[in-house]
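**Student:** Next come a sequence and a model predicted from it.
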Amino acid sequence: MRHNKKFNHLGRTSAHRKAMLSNMANSLIFHKRITTTLAKAKALRIYVEPLITKAKDDSTHSRRIVFEYLKSKTAVAMLFRDIAEKVADRPGGYTRILKTGNRLGDNAEMCFIELVDYNENMLVDKDSKAKPVRSRRGGKKKVEAPKTGASKVAAPKTKVVQAEVAAPEEKTEE
């Protein structure tokens, strides 16, 4: 029976799987985005997200635990210095998986896995969604004029013109 055995073995021995996930986590920390198969990306997300959570607490103990998984001083330093600072207010969900289609050789599902706060294109898209998008069928929206009959912009121009005309007439009367 397979009670409480949920993680994907990825067709590898445990030592090979641990080494592969450690190397992929280092690459993800260095490059912020990597291309891999969907199964490996899902396994990597389970592997790396607890490490990022541990990196939020910058203590010697948490650094040693993360180093035990990553086995790279530079990756640990980058994780605690840069990434933990950027995701400090995020409660979880540090990675995003974007499917890219199937690989030509063996038809395996391919994807990007990336750190959420480092994709500048996605962050820009959030801001652009705030603007309403017009549909093609709607036509132009007509702006109603105020009920007084004149627009707010036109009224001051007419007053200015009248004042200029009235001033020379007063001077000629004297």
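**Tutor:** Received the coordinates, thanks.
**Student:** Low-confidence stretches in the chain?
**Tutor:** For the chain, applying pLDDT under 70 flags the ranges 125-135, 138-142, 145-174.
**Student:** Could you pull out the helices in it for me?
**Tutor:** 14-31, 38-55, 60-70, 73-78, 84-86, 120-128, 154-173 (DSSP state H).
**Student:** out of the ones you listed, which comes closest to D106?
**Tutor:** helix 38-55 (12.4 Å; CB to CB). All C-beta atoms are positioned from the backbone trio N, CA, C, and that covers glycine.
**Student:** That closest one vs helix 14-31, what angle?
**Tutor:** Calculated by axes from the mean of the first three to the mean of the last three CA atoms, to 10 degrees, helix 38-55 forms an angle of 70 degrees with helix 14-31.
**Student:** Show residues contacting helix 38-55.
**Tutor:** 7-8, 10, 17, 20-21, 24-25, 28-29, 36, 62, 65-66, 69-70, 79-80, 83-84, 87, 92-95, 97, 99, 108-113 (CB atoms under 8 Å, 6 or more residues apart in numbering).
**Student:** Sort out which residues of it are buried, please.
**Tutor:** Of the residues in helix 38-55, 38, 40-45, 47-48, 51-55 count as buried by neighbour count, 16 or more other CB atoms under 10 Å.
**Student:** In TSV: those residues, plus distance to R2.
**Tutor:** As requested, the buried residues of helix 38-55 are exported to TSV (distance: CB to CB, whole Å):
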residue	distance to R2
L38	22
K40	21
A41	23
K42	18
A43	17
L44	22
R45	21
Y47	20
V48	25
L51	26
I52	29
T53	27
K54	28
A55	32
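**Student:** Please identify the deepest-packed of the helices of the chain.
**Tutor:** Of all these, helix 38-55 has the most neighbours on average by mean count of other CB atoms under 10 Å, namely a mean of 19.
**Student:** That one versus helix 60-70: what angle between them?
**Tutor:** Going by the same axes, to 10 degrees, helix 38-55 makes 160 degrees with helix 60-70.
**Student:** could I have helix 38-55 exported to CSV, CA atoms only?
**Tutor:** Output of helix 38-55 as CSV, limited to C-alpha atoms (Å, rounded to 0.1, in the frame of the first residue of the first chain):
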residue,chain,number,x,y,z
LEU,A,38,6.0,19.9,-16.0
ALA,A,39,6.6,16.9,-13.7
LYS,A,40,10.1,18.2,-12.6
ALA,A,41,8.7,21.7,-12.2
LYS,A,42,6.0,20.5,-9.8
ALA,A,43,8.5,18.5,-7.8
LEU,A,44,10.8,21.5,-7.7
ARG,A,45,8.1,23.8,-6.5
ILE,A,46,7.5,21.4,-3.5
TYR,A,47,11.3,21.4,-2.9
VAL,A,48,12.1,25.1,-3.2
GLU,A,49,9.1,26.9,-1.6
PRO,A,50,9.8,25.7,2.0
LEU,A,51,13.4,26.9,1.5
ILE,A,52,12.3,30.4,0.5
THR,A,53,10.0,30.4,3.6
LYS,A,54,13.0,29.5,5.8
ALA,A,55,15.0,32.2,4.2
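**Student:** Alright, that wraps it up for me.
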